[in-house]
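**Q** Predicted structure and sequence below. I'll ask about it afterward.
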Amino acid sequence: MFLGEYPYSLDERGRVAIPPRFRDEFKVGLVLSRGLDRCVTAYSPEGWERLISRLDALSFTQADARRLQRAVYGGAFEVELDRQGRVLVPGQLREYANIRQSVVIVGMRDHLELWDAAQWDLERAALEADTPEIAERLHG
């Protein structure tokens, strides 16, 4: 299970270290993709298969389903960890998430999110302010 927040920096080649505690989950590779909230998502091969099975269950006759599939699949890259536990974040994904230098890796139970640190600060502040209301709305 992926939990917690971990600050890192991109190196000059666009690589970022994966937190050591999670590296075993990615030893056979990982899939990076555009997240829904202008972040980059990182899935293990098994986690990616679970995600795509849900996406593939959507009706191809629905325009929103096709658009969501395009967004996720079109922005996905299969990558591998190097010997130092780093992963190259493709330029397209860095640009999409506005990741320049400082990165925060956030555990999301079955995957990780990579955020530009300044964007994560804004998201975290909004979460801290809105979490009680969000919980109430979702509880119904």
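**A** Thanks, I have it. Residues are numbered from 1 along each chain as shown.
**Q** Around the residue nearest to residue 88 when sequence neighbours are not counted, how many other residues sit close by?
**A** Closest residue to residue 88 in three dimensions, ignoring its sequence neighbours and counting by C-beta to C-beta, 6 or more residues apart in numbering: residue 15, at 5.0 Å. Where you see a C-beta, it was placed from the backbone N, CA and C, and this is true even at glycine. Residue neighbour count, defined by other C-beta atoms under 10 Å, stands at 18 for residue 15.
**Q** Per-residue pLDDT of the residue most central in space within the chain, please?
**A** Nearest to the geometric centre of the chain sits residue 41, at 1.5 Å (C-alpha atoms, centre = their mean). The confidence metric pLDDT takes the value 98 at residue 41.
**Q** Tell me what it is bridged to.
**A** Beta bridges link residue 41 to residue 33, residue 113, judged by DSSP bridges.
**Q** residue contacts, it?
**A** Residues in contact with residue 41 (C-beta atoms under 8 Å, 6 or more residues apart in numbering) are 32-35, 108, 111-114.
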